[in-house]
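Colleague: Okay, predicted coordinates and the sequence, questions at the end:
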Amino acid sequence: MALRLLLLIIIIPVFGFTQNTECACCSTEYKAFDFWVGNWEVFDPEGQKIGENLVKKLEDNCILNENWISEKGGSGKSYNYYDPSDDTWNQLWISNTGNILKLKGRPQPDKMVLKSEPKEGKNGKYYNQITWTKNPDGNVTQNWEIYDLEGNLTSNAFIGIYKKKAND
């Protein structure tokens, strides 16, 4: 009898804990960037492969983790997350060269648009804007643009077309 009571005391709380199916990061807002999740080969607009990128969800869907490897040997990682306190998506990117980029923005239909705070460069003040677009064929286009503070496009830093790896 004492053994049964002991087992009930141990099993009931464990059973109750495992039945909790709430997911803190499973609402629609947390899924706005899911179109970028996957194991990708990345190509430039001319069709030349420029790298690979594994984008996966971590921490029960609360983080999108990017793992970039360039064909030229560069690499980097980003952590992307939805912040309900200001209804924004955020990215922290760090490369193997020490480049750090912090972005913030909001989704648009079939897109995620994130911008940096203004920065000072050799040509004056600017900000970065990266747009990820879900294409009708399931590919994703990433377009990294540089703008002056008046909103004029000054250069295009990167265009990558993400295609799912064949074995995915």
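Modeller: Everything's here; your move.

Colleague: make it CA atoms for all contacts and neighbour counts henceforth
Modeller: Fine.

Colleague: What segments of the chain are helices?
Modeller: 2-18 (DSSP state H).

Colleague: what about the closest residue to Gly51 other than its chain neighbours, how many neighbours?
Modeller: Counting by CA to CA, 6 or more residues apart in numbering, Gly51 lies nearest to Ser70, which is 4.1 Å off, once chain neighbours are set aside. Per other CA atoms under 10 Å, the neighbour tally for Ser70 reads 14.

Colleague: which ones are touching Ser70?
Modeller: Ser70 makes contact with Ile50, Gly51, Glu52 under the criterion CA atoms under 8 Å, 6 or more residues apart in numbering.

Colleague: Nearest to Glu59 among these?
Modeller: Ranked by distance to Glu59 (CA to CA), the contacts of Ser70 are led by Glu52 at 22.7 Å.

Colleague: Quickly list what the closest one is bridged to.
Modeller: For Glu52, the beta-bridge partners are Glu41, Ile69 (DSSP bridges).

Colleague: Assess the claim that Trp36 and Val55 are in contact.
Modeller: Yes: at 6.8 Å, Trp36 counts as touching Val55 under the criterion of CA atoms under 8 Å.

Colleague: out of the two, which sits in the more crowded spot?
Modeller: Each of Trp36 and Val55 has its neighbours counted (other CA under 10 Å); Trp36 has more, 26 against 21.

Colleague: list the contacts for that one?
Modeller: By CA under 8 Å, 6+ apart, the contact list for Trp36 reads Val55, Trp132, Lys134, Val140.

Colleague: Please report how far the first one lies from Gly121.
Modeller: Relative to Gly121, Val55 is positioned 30 Å away (criterion: CA to CA, to the nearest Å).

Colleague: Ok, the second one next?
Modeller: Applying CA to CA, one obtains 24 Å for the distance of Trp132 from Gly121.

Colleague: These two: which is more packed in?
Modeller: Taking neighbours as other CA under 10 Å, Trp132 and Gly121 compare with Trp132 leading, 24 against 9.

Colleague: so how far is Gly124 from the more buried one?
Modeller: Per CA to CA, Trp132 is found 26 Å from Gly124.

Colleague: Kindly report the same for Gln91.
Modeller: Going from Gln91 to Gly124 by CA to CA gives 24 Å.

Colleague: Mind checking which of those two has more residues around it?
Modeller: Using other CA under 10 Å as the criterion, Gln91 and Gly124 rank with Gln91 on top: 22 against 9.

Colleague: Apart from its chain neighbours, what residue comes closest to that one?
Modeller: Distances taken as CA to CA, 6+ apart place Asn80 nearest to Gln91, at 4.4 Å, with adjacent residues excluded.
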